[in-house]
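Asker: Below are the sequence and a predicted model for it; my questions follow.
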Amino acid sequence: MKTKKEPKAQKVDFLCFWCFLFFYLNFEIMDKQELYKTFISKLEEALNIEDFENIDFILESIYTFGFDDKTIMMIDDILQEATLFSEFKEEEYKTEALKLIENFKN
């Protein structure tokens, strides 16, 4: 008998997420605090519990929805380490991504 696999974390509210993306993509650069609150904190949570589906969703959203270069450059190292963790599932990438997120918060 197949059992339904329970998600590790609550999925991002898609409608609010898309509305927020649409609103903020009209600005030249997203405020660092707002960027953390909306995206990076969600990525941090997904990394901590190793929810690869949400990690992939958040990364794909950030990379494909038209953030300006300045915004991407602020978080590029975080995104790269999270991408490597998602692909290879090696603890060192997760640790480095979380360390970079901690530095980003401060």
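Answerer: Received, thanks. Given the structure is predicted, the values throughout are model-derived calculations rather than measurements. Numbering: from 1, shown residues only.

Asker: For the helix or strand encompassing Ile55, name the packing helices and strands.
Answerer: Using DSSP states H and E, Ile55 sits within helix 52-64. Where contact means 3 or more CB pairs under 8 Å, 6 or more residues apart in numbering; DSSP states H and E, helix 52-64 is packed against helix 41-48, helix 69-88. Where you see a C-beta, it was placed from the backbone N, CA and C, and this is true even at glycine.

Asker: Compare those and report which one is nearest to Glu102.
Answerer: Closest of the helices and strands packed on helix 52-64 to Glu102 is helix 41-48, at 8.6 Å (criterion: CB to CB).

Asker: If you count neighbours, what's buried in that closest one?
Answerer: Buried positions in helix 41-48, judged by neighbour count with 16 or more other CB atoms under 10 Å: Lys42, Leu43, Glu44, Ala46, Leu47.

Asker: From those residues, pick the one nearest Phe57.
Answerer: Nearest to Phe57 among the buried residues of helix 41-48, with distances taken as CB to CB, is Ala46, at 8.4 Å.

Asker: Tally up the residues packed near the closest residue to the closest one other than its chain neighbours, please.
Answerer: Spatial nearest neighbour of Ala46, chain neighbours left out: Asn54 (4.0 Å); criterion: CB to CB, 6 or more residues apart in numbering. By the measure other CB atoms under 10 Å, the count of residues near Asn54 is 22.

Asker: just checking, Asn54 touches Asn48?
Answerer: No: contact status for Asn54 versus Asn48: not in contact, 10.9 Å apart, counting by CB atoms under 8 Å.
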